[in-house]
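# coordinates only, sequence not included:
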């Protein structure tokens, strides 16, 4: 055999042998193979590939042997399970698990591999298409099936950009008992900001009621509260704004213990947004900046108020008639004075018409009626001699539960009936009432102004029958069988 042929045959044998060795060294993914001894490497059994697992549950499954934590905010050591990047660029997409702290979950974070505290944008569908959360058929650029939560100061855009409204809901607030409790707070910047809070019950153990409170606090000097309620509620009666120098609080006075109180808060712009409290509410306190009753409507804390019965107050939150103007009213100009109706400093004025004394106007239109109504009677009967009107009124005011009341007038009894409260006057019964001047040519003048017990003098009484509203009449001042009717 020539040397040339020998060399060719020897080379062929060597090549065939090397091919056999390489074939034996290649992993068999049809049956499965592992790389590594302590931690499984790649497994190809069943047509799936696993990294960090020998039993991949998908075509590719990657398991990190280190317990997952949130991505670091500095340094260069990553806790991610997967890192994706490009040669020559430092930005990397880190994918990992937070398996140590609630609520757990998986994260996506784009950071600089040389400083994990430097961040870059994460783009979803940069060329177009919709993104869905909780839906398999997103119809808009972002389609969320469920509730969303926005946090942080000023979550809104600039000029020409729609300001998205932030809404927060609480479904399980608990009130331990009667008293003031904090329902919402604005933290930092001295509590400066504004929010709208609705508290409501939905039935079950409590009648359905709903009250909405808008509260505002400025740079640290003044605040205001406005209220709207469809029915009013006996469960809560007042709202107030308090501050502690750092934060501001919306507090509600609850009249009883409540469970599963519902609350929602809306924020649609302003300096800073607030947050609702959850669970068992904290008792209120600190410095009070504004207080408002929770009637049907309150504007500007006490500028305009409608209570739960429909009575209206201007500059008062305690209207005592269908329409009431608080003390002070509009200050009278020089040269104008009242006429002794206890309305001397209250005036009505417009830019085009003359200023008119309110008391005189009410007298003129014939509606200067008292707002007082029947609230009860004295405990004992009396004759007509009670040291004058002052003494007779004192009998009512000193009666248990009737503090501040006075002897009813005929007008007030009729007003009680007109307001639909005539049934509060017990029947059958007869009460002394004040009527003022004589009704006819007889000595019928409230027993000489409640100073006479003479049989020839008369006082006015109200007869309440078993049915109907009753009627007025006269009785001898010497009678000791009548109690005084008391109004307030």
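Done, it's in. Small disclaimer: the values here were computed from a predicted structure and weren't measured.
# Quick one: residues contacting residue 458.
By CB atoms under 8 Å, 6 or more residues apart in numbering, the contact set of residue 458 is 442, 443, 444, 445, 447, 474, 475, 476, 477. Using the backbone N, CA and C atoms, a C-beta is placed for each residue, glycine as well.
# isn't the last one right next to residue 392, touching?
Pointing back at residue 477 there. No - using CB atoms under 8 Å, residue 477 is not in contact with residue 392, being 11.8 Å away.
# neighbour-wise, which of the contacts of residue 458 leads?
residue 447 (27 neighbours; other CB atoms under 10 Å).
# so which helix or strand takes in that one?
Secondary structure assignment for residue 447, by DSSP states H and E: helix 446-450.
# Residues touching that helix, excluding its own?
Contacts of helix 446-450 (CB under 8 Å, 6+ apart): 383-389, 391-392, 407, 434-436, 453-454, 457-460, 477.
# Only whichever of those are buried, select them in ChimeraX.
Entered in ChimeraX, the line below selects the buried ones among the contacts of helix 446-450, by 16 or more other CB atoms under 10 Å:
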select :383,384,385,386,389,392,407,434,435,453,454,457,458,459,460,477
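# Would you mind listing where the protein has pLDDT under the threshold?
Low-confidence segments of the chain, defined by pLDDT under 70: 1-46, 65-68, 149-166, 220, 268-270, 300-302, 321, 326-370, 438-442.
# so what are the domain limits for it?
Domains of the chain are assigned by automatic domain parsing as 32-63, 166-304, 374-487.
# okay if I get these as CSV plus distance to residue 107?
Below are the domains of the chain laid out as CSV (distance: least, CB to CB, whole Å):
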stretch, distance to residue 107
domain 32-63, 15
domain 166-304, 24
domain 374-487, 65
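# Against residue 184, how distant is the spatially most central residue of the chain?
Note on the chain: the residue nearest the mean C-alpha position is residue 197, at 2.5 Å, using CA atoms, centre = their mean. Distance, residue 197 to residue 184, by CB to CB, to the nearest Å: 5 Å.
# Pull up the overlap in contacts between those two.
With CB under 8 Å, 6+ apart, residue 197 and residue 184 have common neighbours 215, 250, 263, 265, 276.
# Neighbour count, secondary structure and distance to residue 375 added to those residues, as JSON lines?
Formatted as JSON lines, these follow (neighbours: other CB atoms under 10 Å; DSSP: H, G, I helix; E, B strand; the rest coil; distance: CB to CB, whole Å):
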{"residue": "215", "neighbour count": "28", "secondary structure": "strand", "distance to residue 375": "35"}
{"residue": "250", "neighbour count": "28", "secondary structure": "strand", "distance to residue 375": "34"}
{"residue": "263", "neighbour count": "21", "secondary structure": "strand", "distance to residue 375": "36"}
{"residue": "265", "neighbour count": "22", "secondary structure": "strand", "distance to residue 375": "40"}
{"residue": "276", "neighbour count": "20", "secondary structure": "strand", "distance to residue 375": "40"}
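# would you turn the contacts of residue 458 into a markdown table with secondary structure and distance to residue 205?
As requested, the contacts of residue 458 are exported to a markdown table (DSSP: H, G, I helix; E, B strand; the rest coil; distance: CB to CB, whole Å):
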| residue | secondary structure | distance to residue 205 |
| --- | --- | --- |
| 442 | coil | 61 |
| 443 | coil | 61 |
| 444 | strand | 56 |
| 445 | coil | 57 |
| 447 | helix | 54 |
| 474 | strand | 54 |
| 475 | strand | 52 |
| 476 | strand | 56 |
| 477 | coil | 55 |
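# can I get those in CSV with distance to residue 424?
Shown next, in CSV, are the contacts of residue 458 (distance: CB to CB, whole Å):
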residue, distance to residue 424
442, 31
443, 32
444, 26
445, 28
447, 25
474, 24
475, 22
476, 27
477, 27
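# Residue 246 is in contact with residue 192, isn't it?
No - between residue 246 and residue 192 there is no contact under CB under 8 Å: 10.8 Å.
# Tell me which of these two has more neighbours.
The neighbour count for residue 246 versus residue 192, taken as other CB under 10 Å, is higher for residue 192 (19 against 10).
# My guess is that one contacts residue 216. True?
No - contact status for residue 192 versus residue 216: not in contact, 9.3 Å apart, counting by CB under 8 Å.
# Which helix or strand lies directly C-terminal to the helix holding residue 447?
Heading C-terminal from helix 446-450, the first helix or strand you meet, by DSSP H and E, is strand 458-464.
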